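# predicted structure and sequence below. I'll ask about it afterward.
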Amino acid sequence: MECFEVTGGARLAGRVRVTGAKNSALKLMAAALLAPGRTTLDEVPDILDVAIMSEVLRRLGCGVAYERTPSSGGGGRLVVDVPEDPSTETDYDLVRRMRASISVLGPLVARCGSAKVALPGGDAIGSRGLDMHIAGLERLGATIESEHGFLVARAPRLTGTSIWLDFPSVGATENLVMAAVLAKGTTVVDNAAREPEIADLCAMLTAMGARIDGAGTSTITVEGVDRLSPVTYSTVPDRIVA
């Protein structure tokens with residue numbers, strides 16, 4: 001067995017470029033649907049899930065382009081051109097391949113007033129996690145039905161409300177926050193998930209014009225706005241090693 005000797009005590013300093021996390025990137029891609037125009041995401045990992053989500057967005061009418069950045073260590077820049085009137089029906093086979101695709105449900109209902117999204121692979125009506133997405137959107141005023149493997153949601157305009165999650169589901173928290181940013185009035189999500197990707201999503205939504213308080217805590221308050229704007233957002237800034 002080969003051994004190495006390391007002598008500590010020296011101060012480390014410098015900048016490290018880190019690729020963005022998949023869990024953040026996929027939800028930020030979904031959030032782009034909330035604003036017509038060009039949203040640019042930097043430090044997006046070059047992985048299969050990102051390619052699948054890109055195709056989900058293309059089938060909704062978006063233009064999606066990915067350019068790998070040689071110095072990013074496996075990441076790149078992803079540009080999403082969102083039309084004024086995107087399609088509201090997702091591709092069945094694509095969404096079944098990746099559970100994170102359910103995250104387009106909230107943005108589509110909030111902005112377009114309707115959505116038809118395939119049930120993610122491994123999930124079904126009655127599953128605890130998925131039921132929180134549905135119950136939360138219904139609290140916001142949407143009507144949701146199951147039709148031949150799809151969730152069909154309709155809501156002329158969502159309305160702010162109080163939502164309690166049975167457990168701090170990351171996916172439900174993200175979907176409901178994305179829906180609430182365009183709802184009329186104030187929405188409070190209690191027992192919300194506190195993972196870093198929630199804070200990352202809320203930071204991007206705030207940059208787009210959303211009004212959010214409590215990101216990264218168990219209580220997130222969203223004051224709905226009429227319209228959001230596209231942004232350029234870096235999923236991971238340069239890290240300083242002190």
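Ah, there it is.

# just give me the residue right at the centre of this structure.
residue 27 (2.1 Å; Cα atoms, centre = their mean).

# for this structure, which segments are assigned as helices?
22-31, 48-59, 92-97, 105-112, 128-139, 170-180, 196-207 (DSSP state H).

# what's the closest of those to residue 231?
With respect to residue 231, and counting by Cβ to Cβ, the nearest of the helices of the chain is helix 196-207 at 4.8 Å. Where you see a C-beta, it was placed from the backbone N, CA and C, and this is true even at glycine.

# so which bits of that closest one are buried?
197, 198, 200, 201, 202, 203, 204, 205, 206 (16 or more other Cβ atoms under 10 Å).

# measure how that helix sits relative to helix 170-180, angle-wise.
Helix 196-207 runs at 10 degrees relative to helix 170-180, counting by axes from the mean of the first three to the mean of the last three Cα atoms, to 10 degrees.

# orientation of helix 196-207 relative to helix 22-31 in degrees?
30 degrees.

# which strands and helices sit next to helix 196-207?
If contacts are counted by 3 or more Cβ pairs under 8 Å, 6 or more residues apart in numbering; DSSP states H and E, helix 196-207 sits against helix 22-31, helix 170-180, strand 211-213, strand 232-234.

# and the ones you listed as TSV, adding mean pLDDT and distance to residue 192?
Converted to TSV, the helices and strands packed on helix 196-207 look like this (pLDDT from 0 to 100; distance: least, Cβ to Cβ, whole Å):
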stretch	mean pLDDT	distance to residue 192
helix 22-31	92	14
helix 170-180	96	5
strand 211-213	98	11
strand 232-234	94	21
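
# residue 101 is nearest to which of the ones you listed?
So among the helices and strands packed on helix 196-207, helix 22-31 is nearest, using Cβ to Cβ, at 8.1 Å.

# residues touching that closest one, excluding its own?
41, 44-45, 47, 49-50, 53-54, 57, 78, 80, 98, 100, 103-104, 106-107, 170, 174, 178, 195-197, 200-201, 204-205, 208, 233, 235 (Cβ atoms under 8 Å, 6 or more residues apart in numbering).

# ok so, going back, closest to residue 65 out of the helices and strands packed on helix 196-207?
Here helix 22-31 is closest among the helices and strands packed on helix 196-207 (Cβ to Cβ), at 12.4 Å.

# in that closest one, which residues are buried?
22, 23, 24, 25, 26, 27, 28, 29, 30, 31.
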